[in-house]
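Undergrad: I would like to see how this sequence folds:
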Amino acid sequence: MTRLLGIVQKEFIHLRRDALALTLALFVPVAMLFIFGYAINTDVKHIPTVVWDQSGDVEAARLLEAFANSQYFDLKFRVRSFAEVTRFVDRGQAKVGIVIPPDFASRLASRQDPAIQVIVDASDPTVASSAINAASALGQARSLQILAQTIGAGSVRAAPPLDVRVRAWYNPDLLSAFFIVPGLVGALLMQTTVTVMAAAIVRERERGTLEALIVSPIRRWELMLGKIVPNLLVAYGQMTLALAVAHYVFGVPIRGSLVLLYLLSLVFMMGTLGLGIFVSTLSRTIPQALQLSFLTVLPSIYLSGLLFPLEGMPEPAQWLAALLPLTYYLKIIRGIVLKGVGVNHLWMEILPLVLFGAVIFTLSVLRFRKSLD
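TA: Next up is the predicted model:
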C-alpha cells in the first residue's frame, strides 16, 4: 500500500503541475454538454424564405400571412422575378421560395383551383422535410377555410380549391447521404489540418528535435513551410478519396467545378493549419495538443451545420457558428457539389474564410516565431 500510495501521490503532483490538462479534463466536457444540449434542435422553424408575389391581391396576402404566422417560414425577401428566386435559393440565403401566380385571386374566385409553387432547397433533408410538411399543411388548412366559406354560401366544390405544389431542388429524394457525406469531407480536412499539425510540432518539441532544427541553417519560414506542405498533401489526398467514395459508393452528384472546390479548400485549410499551429504554441505535450484540438474540432462538427441545421439552433448558437470556418466551408462544398454554383454565388462564404485564414495564420506564425525565440 505504501508503494501504491506513493505512485498515486506522484500522479497527483503531475496533475497539479499540468494545470492546463487538468482544467481541460474537468471543465471541457461540462462546457460541451451545455453548448450542445442547448444548441442542438431538430425542430426547424423560421426558415428563411423568398417570395415572388405576382398577384399582390388580398387573397395572396392572406396566404402569405398564414405562412408567416406558422413560425416555420420567415418571409425575409421579396423579389420581382423567378431568376431572383433561383439566385437566393442557389446562394443559400433562402431555403424556401414561394411563387404566387398573377391570376391567383381571379382563379380562386372563378373556382379554377389556382396553384402556387413552393420551392424547397432539399440539400438539407431536415430543413426540407419541415418546410414540405408545413407548406402542405398550410395549403390544406387554407383549402378547408375556403371550402367552408363556399359551403356556407350554398356551393360545393369537388376538389380542394388551393393547389400547393412543392418542388424539392438538388436532392428530390431527400437522401441524407447527399447532405452528410459532402460535409464529412470538410470535417476530415479540419481534423487533419488542426490535430495532425498541432501534434507534429509538439512531437518535435517533446523529442528535442525542434531545437536542433532551430540551430540548423534552415530558415524559420522554411521550417514552417516544410511542416505545412505534407499536411496539405495528406489533406488533399483524403479529400480526393472521400469525394470518390461519395460519388461512386453513395451516388452523391458532383455538379460543380472540382478545380474551384480544390482552390477554395486551400483557403479553408490555410485557416485550419494556422489554428493547428496556434494550438501547438499553447501545448507542451501531445495530450495537451490533442485536447486543445478536440476543443476546436468538436464544436465545429456540432455547431457548423454538419449534422444539425443552423435554422433549428437558438440565436446565440448561430452567432457562435458564425465564428467557425467550417460553417462557411460546408456551404461552399455543398453549393459546388450539390447545386453546381460558382464564385458569384459563394462570395459571402469566401470572404469570411479569407479573413479568418489571414488573421489566424498571421497570429499563429507570429506566436510560433516568439515561442522559438
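
Undergrad: got the phi and psi for residue 120?
TA: When read as degrees, to the nearest 10, the backbone of residue 120 gives phi -120, psi 130.

Undergrad: distance of residue 300 from residue 68?
TA: 33 Å (Cβ to Cβ, to the nearest Å). Just so you know, the C-beta spots here come from the backbone N, C-alpha and C atoms, and that holds for glycine as well.

Undergrad: and for residue 205?
TA: For residue 205, the distance to residue 68 - Cβ to Cβ - is 57 Å.

Undergrad: neighbour count winner among the two?
TA: residue 205 (19 against 14; other Cβ atoms under 10 Å).

Undergrad: measure that one to residue 167 for me?
TA: 57 Å.

Undergrad: who does the one helix or strand residue 222 maps to touch, helix- and strand-wise?
TA: Per DSSP states H and E: residue 222 is located in helix 220-248. Under the contact definition 3 or more Cβ pairs under 8 Å, 6 or more residues apart in numbering; DSSP states H and E, helix 220-248 sits against helix 176-191, helix 197-207, helix 209-215, helix 258-282, helix 343-372.

Undergrad: output the second one as CSV, nothing but the C-alphas.
TA: Read that as helix 197-207. Provided in CSV are the C-alpha atoms of helix 197-207 (Å, rounded to 0.1, in the frame of the first residue of the first chain):
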residue,chain,number,x,y,z
MET,A,197,-0.4,19.8,-37.5
ALA,A,198,-0.5,20.6,-33.8
ALA,A,199,0.7,17.1,-32.8
ALA,A,200,3.5,17.1,-35.3
ILE,A,201,5.0,20.4,-34.0
VAL,A,202,4.6,19.4,-30.3
ARG,A,203,6.2,16.0,-31.0
GLU,A,204,9.3,17.7,-32.4
ARG,A,205,9.4,19.8,-29.2
GLU,A,206,9.0,16.7,-26.9
ARG,A,207,11.7,14.8,-28.6
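
Undergrad: quick one: it to helix 258-282, angle?
TA: Counting by axes from the mean of the first three to the mean of the last three Cα atoms, to 10 degrees, helix 197-207 lies at 40 degrees to helix 258-282.

Undergrad: report all helices and strands that helix 197-207 contacts.
TA: So helix 197-207, by 3+ Cβ pairs under 8 Å, 6+ apart, packs with helix 209-215, helix 220-248, helix 258-282, helix 286-303.
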